[in-house]
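Trainee: requesting a structural model of the entry that follows:
(chains A and B)
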Amino acid sequence: MTTTADDPNAELNEKRGVIARSWAFLLELWQVLTRPSSVFALGTLVLAGFVAGVIFWGGFNTALEITNTEKFCTGCHEMKDNVYAELKSTVHFSNRSGVRATCPDCHVPHNWTDKIARKMQASKEVWGKIFGTIDTREKFVDHRLELAAHEWARFKANDSLECRNCHSADSMDITKQSPRASVAHQRFLFTKEKTCIDCHKGIAHQLPDMRGVPGWQ
Amino acid sequence: MMKRSAIILLAFAIAAGTGSLTAQTMSSRLRGPTPLNDEGPAPPMLPNRNTSEREVRNYPEQPPVIPHNIDGYQVDLNGNKCLSCHARARTAESQAPMVSITHFMDRDGQFLASVSPRRFFCTECHVPQNTANPPVSNDFTDIDTLLSRASPGGRR
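Mentor: Next up is the predicted model:
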């Protein structure tokens, strides 16, 4: 922190004063935290720590689960007017058995570590929301290929894990499938030659410009 | 006097006409017994024929019908789901019939490298078939049947 000679000394001293004072505060805090308590009983501290831990952990998970709902995802118009509107006409939204796949069922991994990793990644989406990266339909359409490519890459990398949370190849009764589906699943899925997303792109949302995407014209 | 009797006659005629209309229960095979001014219940939607087996064409120029479901297939500027199986380069993997060579021709008969834009929208001509019984029967007779019938002028 270098300053030129003609800067007023008073301002410099004041600045130094703030830094020095906060440094002193941090040192004091460190000393308090590292020394054993002379006021509270060990039991009180343990109990308080336990309660605080429960509150923190419960609060953290509750907040995590709130951000993992269809209602939260469609709270932004970017999701509500684009991808959610498109989902509504598909079989994953409304079907004969009434089971619905909500946004996080497909877009957030279900096991804890992968979920936290995805949530940290999603902080970039908060950035996008704040700066309006896709806040109009036109901007969304312009970004659609990039956004879709992210999802395809994720599904491809984890062998369509989020599909397989519900659709297991082991539970598939190919005799109940149409002849076409039965043949394709036996040839490509059961042999592990392909994964779900290789053939089933665009089943829940409209597709971006597919030129250059393998398997598309 | 003439004018009044004419008006009375007209009134009778109108009354008789509307009376007979309301008295009649209109019934047809398409509408059922629903009165003309009501909308009847919609018939249940039936599934498509999903055999994946080619169906016979009624005449050689008929666009082949689609023997499978195409629900949610996107065919627009961004992509063509049908072509991801029926395109030339995809048929080995999909074992689906390739789109006809006529689809590569522009309107001057020149062959293009890929499917001509005017043939891009498959469902303009090719459609899946429903399992519903048609409410109006069809007595279309194909040319082979016509030719094999004994002709009045004797065999040619």
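Trainee: tell me which residue of chain A lies closest to chain B.
Mentor: Chain A approaches chain B most closely through residue A:210 (3.4 Å), counting by C-beta to the nearest C-beta. All C-beta atoms are positioned from the backbone trio N, CA, C, and that covers glycine.
Trainee: that residue: neighbouring residues, count only.
Mentor: Neighbours of residue A:210 under the rule other C-beta atoms under 10 Å in any protein chain shown: 22.
Trainee: which SS class is it?
Mentor: At residue A:210 the chain is in coil, as set by DSSP: H, G, I helix; E, B strand; the rest coil.
Trainee: do I have it right that it meets residue B:76?
Mentor: No: counting by C-beta atoms under 8 Å, residue A:210 stays clear of residue B:76, with 10.0 Å between them.
Trainee: hmm, back to that, spit out the contact partners of the residue of chain A closest to chain B.
Mentor: A:201, A:216-217, B:78-79 (C-beta atoms under 8 Å, 6 or more residues apart in numbering or on different chains).
Trainee: what two of those have the greatest distance between them?
Mentor: Spatial extent of the contacts of residue A:210 (C-beta to C-beta) is set by the pair A:201 and A:217 at 13.1 Å.
Trainee: more neighbours: the two, which one.
Mentor: Taking other C-beta under 10 Å, residue A:201 and residue A:217 do not tie; residue A:201 has more neighbours (24 against 19).
Trainee: specify the local secondary structure of the more buried one.
Mentor: coil.
Trainee: my read is that it contacts residue A:213, right?
Mentor: Yes: here residue A:201 reaches residue A:213: they are 7.4 Å apart, a contact under C-beta under 8 Å.
Trainee: element containing residue A:28?
Mentor: Element membership for residue A:28 (DSSP states H and E) is helix A:9-34.
Trainee: next SSE after that helix?
Mentor: Moving toward the C-terminus from helix A:9-34, the next helix or strand (DSSP H and E) is helix A:42-66.
Trainee: ok, the closest residue to residue A:155 other than its chain neighbours - contacts?
Mentor: Closest residue to residue A:155 apart from its sequence neighbours, by C-beta to C-beta, 6 or more residues apart in numbering or on different chains: residue A:197 at 3.8 Å. Contacts for residue A:197 (C-beta under 8 Å, 6+ apart) come out as A:152, A:155-156, A:160, A:163.
Trainee: need those residues in CSV (columns: secondary structure and neighbour count).
Mentor: CSV is the format used below for those (DSSP: H, G, I helix; E, B strand; the rest coil; neighbours: other C-beta atoms under 10 Å in any protein chain shown):
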residue, secondary structure, neighbour count
A:152, helix, 14
A:155, helix, 21
A:156, helix, 14
A:160, coil, 20
A:163, helix, 20
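Trainee: closest to residue A:110 among those?
Mentor: Nearest to residue A:110 among these, with distances taken as C-beta to C-beta, is residue A:163, at 11.8 Å.
Trainee: any low-confidence regions in the chain?
Mentor: The chain I'm using is chain A. Flagging of chain A using pLDDT under 70 yields the residue ranges A:1-15.
Trainee: hm, I was asking about chain B
Mentor: Looking at chain B by pLDDT under 70, you get B:1-3, B:9-27, B:29, B:150-156.
Trainee: and it, which of its residues are near chain A?
Mentor: B:50-53, B:68-69, B:71-72, B:74, B:77-81, B:83-84, B:87, B:90, B:94-95, B:114-115 (C-beta under 8 Å from any C-beta of the partner chain).
Trainee: which among the residues you listed end up buried?
Mentor: B:50, B:52, B:68-69, B:74, B:78-81, B:83-84, B:87, B:90, B:94, B:115 (16 or more other C-beta atoms under 10 Å in any protein chain shown).
Trainee: what about those, which are in helices?
Mentor: B:83-84, B:94 (DSSP state H).
Trainee: about what we covered before: just confirm the residue nearest to residue A:155 is within a helix.
Mentor: Yes: the assignment for residue A:197 is a helix, going by three-state DSSP.
Trainee: so what's the spatially most central residue of chain A up against?
Mentor: Centroid-nearest residue in chain A: residue A:119, 3.4 Å away (criterion: C-alpha atoms, centre = their mean). Listed by C-beta under 8 Å, 6+ apart, the contact partners of residue A:119 are A:64, A:67, A:108.
Trainee: so it is in which element?
Mentor: Assigned by DSSP H and E, residue A:119 falls in helix A:112-121.
Trainee: may I have that helix exported as CSV, CA atoms only?
Mentor: Output of helix A:112-121 as CSV, limited to C-alpha atoms (Å, rounded to 0.1, in the frame of the first residue of the first chain):
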residue,chain,number,x,y,z
TRP,A,112,-25.0,-36.3,-1.3
THR,A,113,-21.4,-35.6,-2.5
ASP,A,114,-22.4,-35.3,-6.2
LYS,A,115,-25.4,-33.2,-5.2
ILE,A,116,-23.2,-30.7,-3.3
ALA,A,117,-20.7,-30.6,-6.2
ARG,A,118,-23.6,-29.8,-8.6
LYS,A,119,-25.0,-27.2,-6.2
MET,A,120,-21.6,-25.5,-6.1
GLN,A,121,-21.5,-25.5,-9.8
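Trainee: and the next helix or strand after that helix, what's buried?
Mentor: For helix A:112-121, the succeeding helix or strand toward the C-terminus, using DSSP H and E, is helix A:123-130. Buried residues in helix A:123-130, counting neighbours by 16+ other C-beta under 10 Å, are found at residue A:128.
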